[in-house]
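Asker: okay, predicted coordinates and the sequence, questions at the end:
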Amino acid sequence: MDTNRIAETYLTVAHHVFSTMLDDVEAFAGEVVASLKAGGKLMICGNGGSAGDAQHIAGEFVNRFLKEREPYAAIALTTDSSILTCISNDYDYNQVFAKQVEALGRPGDILLGISTSGNAGNVLAAFASAKAKGVRTVALTGGSGGKLAAAADRVLSISCTTETPRIQEGHLLLYHLFCERIEERMTEGEGASA
């Protein structure tokens, strides 16, 4: 194992996130804050490790990140096994997120689709459903962004690598940045007039 190469790629990803993506993080945080304050919600989807990441993000929103505060409306579209299996069985696996967006999405909501390659068919289908419902789409991806880059309203890509583990590690840095900035912006001014 070439630990020097691995360490170098870790550092490259961290540098990419913290040197070139902070403006994108801030813009995305602003969109989510505006949606939440207007009564909207964040829906999140992805496959495999990205499905777990969707649940991670939703948990940070609904429970808390660093501050004691009210819950924020977020849902991982990856968690209901009955919905996932009935849609897959009756229709097609590519529809598992799209049908949930059709059922739950409202204008002003945001759909965050996570795909390291940017080519997950079911995330692409969810974006098409989101567009039809007036839901804003944000792709969290890697490399060139794949097909999602062209389908999304906003693209956040770990573009410095095409290695799935490194992209996922970059995504984790971004999730925590999102959660922290959104929480800060949602709670600005609270407790300041003591």
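Answerer: Cool, got the structure. Residues are numbered from 1 along each chain as shown.

Asker: now do the contacts for residue 162.
Answerer: By CB atoms under 8 Å, 6 or more residues apart in numbering, the contact list for residue 162 reads 142, 143. Just so you know, the C-beta spots here come from the backbone N, C-alpha and C atoms, and that holds for glycine as well.

Asker: you'd agree it is in a strand?
Answerer: No - the assignment for residue 162, made by DSSP: H, G, I helix; E, B strand; the rest coil, is coil rather than a strand.

Asker: the residue nearest in space to the middle of the chain bridge partners, please.
Answerer: Nearest residue to the geometric centre of the chain (CA atoms, centre = their mean): residue 112, 3.8 Å. In this structure, residue 112 bridges to residue 44, residue 138 when assessed by DSSP bridges.

Asker: that one is in contact with residue 35, isn't it?
Answerer: No - applying CB atoms under 8 Å as the test, residue 112 and residue 35 come out as separate, 11.1 Å apart.

Asker: now list whatever residues contact both of the two.
Answerer: With CB under 8 Å, 6+ apart, residue 112 and residue 35 have common neighbours residue 42.

Asker: show me the strands in this protein, by range?
Answerer: For the chain, the strands defined by DSSP state E cover 42-46, 74-76, 110-114, 136-142, 154-158.

Asker: where exactly do the helices run in the protein?
Answerer: Under the criterion DSSP state H, helices of the chain are mapped to 3-20, 22-37, 49-62, 81-90, 98-104, 121-133, 146-151, 164-186.

Asker: cool, thanks, signing off.
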